[in-house]
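Peer 1: Take a look and give me a structure for this.
(2 chains)
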Amino acid sequence: TQLLEQSPQFLSIQEGENLTVYCNSSSVFSSLQWYRQEPGEGPVLLVTVVTGGEVKKLKRLTFQFGDARKDSSLHITAAQPGDTGLYLCAGGPLSGNTPLVFGKGTRLSVIA
Amino acid sequence: SQTIHQWPATLVQPVGSPLSLECTVEGTSNPNLYWYRQAAGRGLQLLFYSVGIGQISSEVPQNLSASRPQDRQFILSSKKLLLSDSGFYLCAWSRGVGGFQNSPLHFGNGTRLTVT
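Peer 2: Numbering: from 1, shown residues only, chains lettered A, B, ... in the order given. Below is the predicted model:
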C-alpha cells in the first residue's frame, strides 16, 4: 500500500512569513498533485508535477517534485490570509490502474 | 465546460434511517467517478470509485454502498445509518482515459452528514 505523509499537520503563521510544507513517501509515484480546500468546499487542484526534479510556480507558490519522485514540497512566499486552508497532496500510482493516493493534509492558518 | 453537482449540501438523519446522496457530472463523457469521506477537516478516505456504468470498486468495507445507474450519475446509499457515518462526503470526477495517475480530480462542494 502506497502512503503519503504530510508535514506539518498544522501550521499557524503571521501574514508576510514564508513557509514550506512537505509530502513524503517511500514509494515512487508517476505524478504528484497538490490541492487546496477551504472550509465547506471541495478541494481544488493547484498543480500537477510529473517529472523528477520538476519545479512549478504559481504566483507566490512554488512546487517541487523530488528527483526520485517519492516526495514533494510546497513553498509559499509572503503568505497572505487568503492562503489559509487545507493543503492536500495526492500521488498517482505507477500502474495507473488505481486511484490517486491522498495524504492527510496540512492545515494552514495565516493571521493578518 | 464541465460541472459537478452534489446534493444535498447538509443533511441530518437519525440512526437507522436510510441515506441517498446523489452526484451528477455535466460536460464530459465516460468519467471516472468517486465518493470520498472526510472527517474533521483532515484527509480524504476513498470509499468507492467507478470507471463505467454498473462498475463499482469498494475501497473500505462498511455500511455504505454505491451505484452508477447512468454514465454521469453516482449515488451513495445506506440502508441503516450509524453514528460513525457522520462526516463530509465528497463526490469527484476525473477523465476516464489515460489511466488514473495524471488525471486531476474535480470535486463537488460536498454534503455534510450528521447522524443523530
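
Peer 1: all contacts plus neighbour counts: C-alpha atoms, from now on.
Peer 2: Fine.

Peer 1: Apart from its chain neighbours, what residue comes closest to B:A92?
Peer 2: B:F107 (4.2 Å; CA to CA, 6 or more residues apart in numbering or on different chains).

Peer 1: Contact partners for the residue nearest to A:E54 when sequence neighbours are not counted?
Peer 2: In this structure, A:E54 finds its nearest non-sequential neighbour in A:F65, 5.3 Å apart by CA to CA, 6+ apart. A:F65 makes contacts with A:L32, A:V49, A:V50, A:T51, A:G52, A:G53, A:E54, A:V55, A:D71, A:S72, A:S73, as judged by CA atoms under 8 Å, 6 or more residues apart in numbering or on different chains.

Peer 1: Give the buried subset of the residues you listed as a PyMOL selection command.
Peer 2: Command for PyMOL, covering only those of those found buried under the criterion 16 or more other CA atoms under 10 Å in any protein chain shown:
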select buried, chain A and resi 32+49+50+51+52+55+71+72+73
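
Peer 1: which residue ranges form the strands in chain B?
Peer 2: Taking DSSP state E, the strands of chain B run over residues B:3-7, B:10-13, B:19-26, B:32-38, B:44-52, B:55-58, B:65-70, B:73-78, B:87-94, B:106-107, B:111-115.

Peer 1: Can you spell out which helices and strands pack onto the first one?
Peer 2: With contacts defined as 3 or more CA pairs under 8 Å, 6 or more residues apart in numbering or on different chains; DSSP states H and E, strand B:3-7 has these neighbours: strand B:19-26, strand B:87-94.
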